[in-house]
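1. how would this look folded up:
(one chain, ligands or ions: 1)
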Amino acid sequence: MSVDSSTPLFQSLLKGTELSFTRLQQDYEQYAPDNWRKTAFTLFAAAILTHFISVAIWRLYLSPLAKIPGPKLAGLTFLYEAYYEVILGGQYFKRVAEMHEQYGPIVRVTPDEVHWNDPEFIDTIYPTTGRKTNKPEWFSKRTGTPDSIVSTPGHDLHRRRRNALNSFFSVASIRRLDIVMKEYTEKMLNRMEKISKSNNQVLQFHHMFKACASDVITIYAFGECFGFMELEDFGWSFFESTDEFFFLTHLFFLIPGLVQIAQNAPAWILKKIIPALGELRDRQDWWLNKVREIRTSPNPERVKSTIFEGIINSPLPASEKEDQRLASEAQLVVFAGEGTTAYSLTCALYHLLDNPTDLATLKAELKASNLDPTKIPSINDVEALPFLNAVIQEAVRLHPGVMARQVRISPETPILYTDKQSGKDYVIPPGTITSMSPLDTHMNESAFENAYAFKPERWIENPLLTRYFHGFSKGTRGCVGMTLARREMAIILASIFLKYDLYTGQSGPTLELYDTDRARDIDANSDYIIPVPAKGSKGLQVLIRN
Ligand code: HEM
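-> Here you go, the predicted model:
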């Protein structure tokens, strides 16, 4: 059938269709964009919700870690840890200790990390041989030293990097420290004498110990130092700036890219955004410049006896020997060597002044060793003093200078654990983050009787106790500077107590605790990798008389 398009009927139909179409078009233009946006938004929200619900179901019910005891929220989200670390300020270690009291020796502390408080399990988590030990990729975000050994995620690269450093920290090598230690301990005793003759005879010892430890390790690593021991205030603002960096470590973990800004932003921008980090940046620039100066020095002796000799002469590839990586390694060694040693020294000094019987035992040991009280003892001298070394061990047990959870990953082998209390067996799959904290283990009464008490003699009465000690961590990734730190602390403490007695009203060189309270000023109150005392604390204060 043919249609005559000129008929009025057809014309009105056509008009009607045109009108409807135009209205449709208007309607579409008026509403469609909104509908389209709404639909897209709804789909997006649904996708996000589905993602979160699937992640939640996986983490809480399907993951191999779902059966590990612990609070559901800790297994569900990293925000649980972040609340304690960022909002409450380095308080997760206290919550983790409570979890162990509530749930037993094995707990899930984050969606992908299992934590133990079982002194018998140290060697399994921190093996020396037998299996590989990785670290999580995020570790470098917290430490801010991405190319250094402490942050190297993979076992094999870590081994190669560490081998290049090992000889620098060997017992034979650190004997070189005798001359440096003599010079800096003398400086320290002179400063103490000067303070004893001033109007204010009270010294905040951690200021001086940090300056001394920093100068010593920087000389050891670079062949020269900042000279903090020469400064009236022991360069305190520099150390406050370093502490500021540590205070940001939990935020670094939470906010991607923040640590890169703190490390790499041009100095003038950094000093505007986070002025407190300004002096740390000055030190970092100094380290980097020293690296360049040392490696380009025309004097071949310049690189010798610095930390870089081992790395530059190692079989590591050229990319491993670039300035930035060497500076990162140097930054680690200085960071790791100054605050930790100073903190342990401060704690050891506090306990000796707080426990006259222990101080008397130490003084008797020093006297019996026939050391010349007018001379700084050598490394050999202090190695032969068992009680002094027990004092140091006990100080690090009670106050580990690195208090953060010591995280490790077994990349290939599952970790098997039997909870002896409940009889339950656990299989932790390869790739899981596993950890222990020295403060938890060291406060565990099953290993250390009367754990909170300072009892150096426990190490002499029962040398096997060392198997429960991980103040310097253990295994392939344990502290490379342990031997150095122990000797340094021993020389400083021996020198102080060869000269000074505890004040009991007598004349002569004496020391006396001044307004120092263990819970407030010595014990760890917050965990920022390094232990931090209570707010407002002035740390260990000692009155020096001569
Ligand atoms: C009382 C003093 C010290 C304590 C308590 C201490 C503690 C520790 C701990 C617990 C670790 C392992 C960290 C982890 O598991 O991630 C460590 C690693 C390390 N420490 Fe120390 N440390 C001290 C002194 C020193 C000194 C003086 C140096 C250097 C001169 C140093 C250099 C290092 C380095 C380079 C690492 C990384 C090792 C690696 O990953 O292979 N430490 N330290």
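2. count the neighbours of the residue of the chain found nearest the ligand for me.
-> Scanning the chain for the residue nearest the ligand gives residue 481, at 2.1 Å (criterion: CB to the nearest ligand atom). Every residue, glycine included, has its C-beta placed from N, CA and C. Using other CB atoms under 10 Å, residue 481 has 21 other residues around it.
3. now swap in residue 219 and tell me
-> 20.
4. is it true that it touches residue 225?
-> Yes. Contact criterion CB atoms under 8 Å: residue 219 and residue 225 qualify, at 4.7 Å.
5. tell me the residues of the stretch 251-400 of the chain that contact the ligand?
-> 332-333, 336-337, 340-341, 344, 396, 400 (CB under 6 Å from any ligand atom).
6. mind checking which of these land in helices?
-> 332-333, 336-337, 340-341, 344, 396 (DSSP state H).
7. which stretches of the stretch 51-200 of the chain form strands?
-> With DSSP state E, counting those that start in this stretch as the criterion, the stretch 51-200 of the chain has strands at 106-110, 113-116.
8. turn the residues of the stretch 251-400 of the chain next to the ligand into CSV, including neighbour count and pLDDT.
-> Output for those, formatted as CSV (neighbours: other CB atoms under 10 Å; pLDDT from 0 to 100):
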residue, neighbour count, pLDDT
332, 23, 89
333, 27, 90
336, 22, 90
337, 24, 91
340, 25, 95
341, 26, 96
344, 25, 96
396, 27, 98
400, 27, 97
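9. greatest separation within the residues you listed: which pair is it?
-> Distance extremes for those: the farthest pair is 332 and 396 at 19.4 Å, using CB to CB.
10. am I right that residue 48 is in a strand?
-> No. Checked against DSSP: H, G, I helix; E, B strand; the rest coil, residue 48 lies outside a strand; its state is helix.
11. need the contact list for it.
-> Not one residue lies near residue 48 by CB atoms under 8 Å, 6 or more residues apart in numbering.
12. how about the residues of the stretch 401-546 of the chain by the ligand?
-> 401-402, 406, 471-473, 477, 479-481, 484-485.
13. what about 5 Å?
-> Residues of the stretch 401-546 of the chain lying near the ligand by CB under 5 Å from any ligand atom: 401-402, 406, 472-473, 477, 479-481, 484-485.
14. as JSON lines, those with secondary structure would be great.
-> Formatted as JSON lines, these follow (three-state DSSP):
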{"residue": "401", "secondary structure": "coil"}
{"residue": "402", "secondary structure": "coil"}
{"residue": "406", "secondary structure": "strand"}
{"residue": "472", "secondary structure": "coil"}
{"residue": "473", "secondary structure": "coil"}
{"residue": "477", "secondary structure": "helix"}
{"residue": "479", "secondary structure": "coil"}
{"residue": "480", "secondary structure": "coil"}
{"residue": "481", "secondary structure": "coil"}
{"residue": "484", "secondary structure": "helix"}
{"residue": "485", "secondary structure": "helix"}
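15. wait, residue 271 touches residue 279, no?
-> No. Residue 271 lies out of contact with residue 279 (CB under 8 Å); the separation is 9.3 Å.
16. low-confidence ranges, this protein, go.
-> Along the chain, segments meeting pLDDT under 70 span 1-10, 12-14, 16-21, 24-25, 27-34.
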